[in-house]
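Participant: Task: produce atomic coordinates for the following.
(one chain, ligands or ions: 1)
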Amino acid sequence: MFDYLTPGSISVMLGGVYKYQDNHTVLKSACLPEETVTHTQRASRGKMTFPFVLFVLLLSSTAHAFQYTELAQHIDNHQEEYVEALRDWVAIESDSSNVQKRPDLHRMMELVAQKLRLMGGAVELVDVGEQELPNGQMLALPKVVTARFGSDADKHTVCVYGHVDVQPAKREDGWATDPYNLTDINGNLYGRGASDNKAPVLAWIHAVEAYQALNMELPVNVKFVIEGMEETGSNGLDAMILAQRDTFFSDVDYIIISDCGWLSRRPALTYGTRGNCYFFAEVDGPKQDLHSGVYGGAVIEPMIDLIGVLDSLISPSGKILVPGIREAVAPLSDDEWRMYQDIQFDMDNYKNKIGIDQLMYSNKVDLLAHLWRYPTVTIHGIEGAFSDPGTKTVIPAKVIGKFSIRQVPDMDPAVVKKQVTDYLHSVFAKRKSPNRLKVTMVIGAKPWLANTQHPLYEAGKAAVKRVFDMDPDLIREGGTIPIAKTFQDVTGKSLIMLPIGGFDDGLHSQNEKMSRYNYIEGTKLFIAFLNEVSQIKKTTV
Ligand SMILES: CC(C)C[C@H](N)C(=O)NCC(=O)O
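Facilitator: As a prediction, this is how the structure comes out:
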């Protein structure tokens, strides 16, 4: 079609868009497929003007530069390897909350670094210091892995954040399979950390690897920040981001997190997460545990004090009783109400999935709003309480109640800490107990909210459309990604959450899984998304 153009003139016209290889390659990739040639174009064959030719060539170059079909085919062809990679990662018990497992966590970080190094990334294992344990002992934090692929100043640079630490899991908690032995049952890959967050991190790595394997240029520069303390509040990461703001993060344009899930079978883009303030309320009394028959009735029991204190946090209908907390919550706007109203969400399905007949709210908007944009209190457990099978008749001498309050705009964890501490001490004082109460806040993570009008969200929609042939839900997430707000505040860059986890993955629960479908199609989604991001106008922040 462009046989009057010389290869030389084409390469000049295209500037840096195409790598000039030989006459054949350039002409082939510069041609529109026959079916896309319009009547007007046919009519003007042989007498096209220079600007029109340039336009057609550029159009054709974008259509051909992104070889999605080849990349997607590569992902399909390598899915067994990807499952094996996930199996290796799940086998490591990288539980960040268990100090006994710290060596496993260090090994996990080394493995991530090694994988990225083998791919040719510029990798660093960043020392983020130590953490102080409740007994005063100091323990080395797992290093944070940073990596860079590409440093072309003409391209956008995205930073993908993820984590490879996990929540605790034991077979005897009620798992049907060994939590650290990835088990494929009917296309679901069961294992602790499979969905949260090992498979999504691997999917991002495989997306980059696919470009490399096919000798295709990445459309954007890709950086990684992979940590090992997300599940316990991302200790050390805030300081590391701040310290590297003008170095590692200086050229980052956008931040991407895939550490959450869809709301239903429809893919989703996430624009908000709740924060979390996690508290320990410790009550101690006698110097050791006592026989409840011998001492019961004489002693004012720490456990009874603790239950009284915990009971003062929230009413049976879900109303938080700590003064000042509800007042700080940003009001629900009409636009927000409409957005929730438009989301397809099957309440019965949701109830079935978790095995209950009644929810706190019976209409969709109230339920979604209370999952995403209102705070809530959860009581997680009591350390020191008798919890084994059997009937031990003991009065525990010291008990530590563990609870958390999910944070939403405009709550501030520092203020919440004071509100909760003051309130619990006032409740405790009314009991006139001789026991002692100590309240500490061990995690203080802020909520995060994005602007859905940002081109990143358009890019996300286009990528979902390409891979799944449907529009995504725009959702918020009730869980917490502690570092999200810091990323946004410190770098001043926009952040999108692009989940690939399923709605029924059972994060933090028994039988956590990642479906093979979400893992593999999710990898394709990341490939498509990188291409969409590369098209965002360079000036957009
Ligand atoms: C669904 C959450 C955002 C997933 C995240 N990895 C997580 O579990 N964070 C800790 C939390 O308690 O929300």
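
Participant: quick one: pLDDT of the residue nearest to residue 140 when sequence neighbours are not counted?
Facilitator: Spatially, and ignoring its direct neighbours in sequence, residue 140 is nearest to residue 130 (5.5 Å; CB to CB, 6 or more residues apart in numbering). In this view, the C-beta of every residue, glycine as well, is placed from N, C-alpha and C. Residue 130 is assigned a predicted lDDT (pLDDT) of 98.

Participant: Next, give phi and psi for residue 144.
Facilitator: Backbone torsions for residue 144, taken as degrees, to the nearest 10, come to phi -100, psi 130.

Participant: So, low pLDDT: which residues of the chain?
Facilitator: 1-65, 540 (pLDDT under 70).

Participant: Can you name the residues of it sitting close to the ligand?
Facilitator: Contact residues, the chain versus the ligand (CB under 6 Å from any ligand atom): 196-197, 230-231, 259-260, 273, 276, 477, 479-481, 507.

Participant: Provide a list of residues in contact with the residue nearest to residue 140.
Facilitator: 138-141 (CB atoms under 8 Å, 6 or more residues apart in numbering).

Participant: got a winner among the residues you listed for most neighbours?
Facilitator: Within the contacts of residue 130, most neighbours by other CB atoms under 10 Å means residue 141, with 25 neighbours.

Participant: In contact with it, which residues are there?
Facilitator: 128-131, 228-229, 235-236.

Participant: Likewise for residue 131?
Facilitator: Here residue 131 is in contact with 138-139, 141, 229, 235-236 (criterion: CB under 8 Å, 6+ apart).

Participant: go with 10 Å
Facilitator: 96, 99, 102, 137-142, 229, 232-233, 235-236 (CB atoms under 10 Å, 6 or more residues apart in numbering).

Participant: Which one of those residues is nearest to residue 321?
Facilitator: Residue 321 lies nearest to residue 233 out of the contacts of residue 131, by CB to CB, at 24.9 Å.

Participant: can you tell me the helix or strand for the residue lying closest to that closest one once chain neighbours are set aside?
Facilitator: Leaving aside its chain neighbours, residue 233 sits nearest to residue 443 (3.9 Å; criterion: CB to CB, 6+ apart). Taking DSSP states H and E as the definition, residue 443 sits inside strand 436-445.

Participant: returning to what we had before: pull out the buried members of the contacts of residue 131.
Facilitator: Burial by neighbour count, judged by 16 or more other CB atoms under 10 Å, picks out 96, 102, 141-142, 229, 232-233, 235-236 from these.

Participant: Secondary structure element holding the residue of the stretch 351-500 of the chain found nearest the ligand?
Facilitator: Closest residue of the stretch 351-500 of the chain to the ligand, CB to the nearest ligand atom: residue 479 (2.8 Å). In this structure, residue 479 sits in neither a helix nor a strand according to DSSP H and E.

Participant: quick one, what contacts it?
Facilitator: 196, 259-261, 270, 273-274, 276, 371-372, 406, 507-508.

Participant: likewise residue 230?
Facilitator: 96, 161-166, 196-197, 237, 259, 445, 480-483.

Participant: Check residue 245 too.
Facilitator: Taking CB under 10 Å, 6+ apart as the test, what residue 245 contacts is 252, 490-492.

Participant: And it, how far from the ligand?
Facilitator: Plainly put, residue 245 is 24 Å away from the ligand if you go by CB to the nearest ligand atom, to the nearest Å.

Participant: Need the three-state assignment for that residue.
Facilitator: Three-state assignment for residue 245 (DSSP: H, G, I helix; E, B strand; the rest coil): coil.

Participant: Quick check: phi and psi at it.
Facilitator: Dihedral angles for residue 245 - degrees, to the nearest 10 - are phi -60, psi -40.

Participant: can you give me the strands for the stretch 251-400 of the chain?
Facilitator: 254-257, 268-273, 275-284, 290-291, 377-383, 394-395, 398-407 (DSSP state E, counting those that start in this stretch).

Participant: CA-only coordinates of stretch 292-308 in PDB, if you can.
Facilitator: Below are the C-alpha coordinates for stretch 292-308, written out as PDB (Å, rounded to 0.1, in the frame of the first residue of the first chain):
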ATOM      1  CA  SER A 292     -11.400 -21.200  90.200                       C
ATOM      2  CA  GLY A 293     -12.900 -23.400  93.000                       C
ATOM      3  CA  VAL A 294     -10.300 -22.500  95.600                       C
ATOM      4  CA  TYR A 295     -10.200 -18.800  94.800                       C
ATOM      5  CA  GLY A 296     -13.400 -18.100  92.700                       C
ATOM      6  CA  GLY A 297     -15.600 -15.600  94.700                       C
ATOM      7  CA  ALA A 298     -12.600 -14.100  96.500                       C
ATOM      8  CA  VAL A 299     -10.800 -12.700  93.600                       C
ATOM      9  CA  ILE A 300     -11.900  -9.900  91.200                       C
ATOM     10  CA  GLU A 301     -11.100 -11.700  88.000                       C
ATOM     11  CA  PRO A 302      -9.000 -10.000  85.200                       C
ATOM     12  CA  MET A 303     -11.000 -11.900  82.500                       C
ATOM     13  CA  ILE A 304     -14.300 -10.500  83.800                       C
ATOM     14  CA  ASP A 305     -12.900  -7.000  83.800                       C
ATOM     15  CA  LEU A 306     -11.600  -7.400  80.300                       C
ATOM     16  CA  ILE A 307     -14.900  -8.800  79.000                       C
ATOM     17  CA  GLY A 308     -16.700  -5.800  80.600                       C
END
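
Participant: so who does the residue nearest to residue 224 when sequence neighbours are not counted touch?
Facilitator: Once flanking residues are discounted, residue 224 sits nearest to residue 147: 4.3 Å by CB to CB, 6+ apart. Contacts for residue 147 (CB under 10 Å, 6+ apart) come out as 112-113, 115-117, 119-124, 160, 205, 208, 222-226, 248.

Participant: Would you mind naming the residues that bridge with residue 147?
Facilitator: Counting by DSSP bridges, residue 147 is bridged to residue 123, residue 224.

Participant: Now do it against residue 413, distance only.
Facilitator: 30 Å (CB to CB, to the nearest Å).

Participant: Over to residue 100?
Facilitator: Taken as CB to CB, the span from residue 100 to residue 413 is 29 Å.

Participant: Between the two, point out the one with more neighbours.
Facilitator: The neighbour comparison of residue 100 against residue 413 (other CB under 10 Å) goes to residue 413, with 18 against 8.

Participant: Could you report the neighbour count for the closest residue to the more buried one other than its chain neighbours?
Facilitator: Leaving aside its sequence neighbours, residue 413 sits nearest to residue 444 (CB to CB, 6+ apart; 3.5 Å). Residue crowding around residue 444 was assessed by other CB under 10 Å; the count is 18.

Participant: Just put the contacts of residue 245 in a markdown table and tack on neighbour count.
Facilitator: Putting the contacts of residue 245 into a markdown table (neighbours: other CB atoms under 10 Å) gives the following:
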| residue | neighbour count |
| --- | --- |
| 252 | 19 |
| 490 | 16 |
| 491 | 21 |
| 492 | 11 |
